[in-house]
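[1] Below is the sequence, then the predicted model.
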Amino acid sequence: MKRRLLLLLLPVGFLGLALFFYQGLSLDPSQRDSALMAREFPSFDATTLRDENRRVDQTLLEGEVTLVNVWGEWCPACKQEMPQLLELADRGIRMVGVNYRDTREKGMQFLSEFGDPFEVNIFDPEGELGFDLGVYGAPETFLVDADGIIRYHHKGYVSPQDVRERILPEVEKWR
């Protein structure tokens, strides 16, 4: 009797598990909400990309609405979104970069070639700050309010449409 019940439950359990995994295949990880939404930007203490002797911490993000963009020289989408980031900086939006899992030389070469919209670039060669932010790939952009609270998280490439429909309205909302 127990064996017959087990033989009946095994296919039912397998089918349930297969349906669960099948549903997961249709989920888009870029649509997930950030666990840090409405929380303080994570504490950090790091050097800047341009000056290995200059240290910055999370207080850098206080006092003014700031877009924090996580980027890397190795990231093709980061190159594609640079014109939009330059446009945002030209509009007077404060930008801070996080040079993620890169070398200083490659990061500086990238900025020289594609432009530098950032007031400061935090150097994160080991990805520690990226990990604390929950970054799963560059580029990712965070809107931080004047109190250092994360108010918006954009995953992936910032398109011209994203600037118009998402980024600018969020910046204005929190200014």
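    Cool, the structure landed.
[2] Look up the closest residue to the residue nearest the centre of the chain, ignoring the ones flanking it.
    Central residue of the chain (CA atoms, centre = their mean): residue 140, 2.6 Å from the mean position. In this structure, residue 140 finds its nearest non-sequential neighbour in residue 70, 4.6 Å apart by CB to CB, 6 or more residues apart in numbering. C-beta here means a position set from N, CA and C on the backbone, and glycine is covered the same way.
[3] which parts of the helix or strand in which the one you found is found are buried?
    If you go by DSSP states H and E, residue 70 is part of strand 66-71. Buried residues in strand 66-71, defined by neighbour count with 16 or more other CB atoms under 10 Å: 66-71.
[4] What is the nearest of those to residue 130?
    Nearest to residue 130, judged by CB to CB, of the buried residues of strand 66-71 is residue 70 at 5.9 Å.
[5] Thought residue 141 was touching that closest one, still the case?
    Yes - counting by CB atoms under 8 Å, residue 141 is a contact partner of residue 70 at 7.3 Å.
[6] Could you tell me which residues touch both of the two?
    With CB atoms under 8 Å, 6 or more residues apart in numbering applied, the contact sets of residue 70 and residue 141 do not overlap.
[7] ok, the strand holding residue 70: who's next to it in the sheet?
    strand 94-100 (parallel), strand 140-144 (antiparallel) (DSSP bridges).
[8] all helices in this structure, in order from the N-terminus.
    Taking DSSP state H, the helices of the chain run over residues 2-25, 76-90, 104-114, 128-133, 160-162, 168-174.
[9] could you give the mean pLDDT of the fifth one?
    With pLDDT averaged residue by residue, helix 160-162 scores 98.
[10] And for the fourth one?
    With pLDDT averaged residue by residue, helix 128-133 scores 97.
[11] Contacts for that helix next, please.
    By CB under 8 Å, 6+ apart, helix 128-133 touches 36, 42, 44, 46, 70, 98, 100-101, 122, 124, 138, 140, 142.
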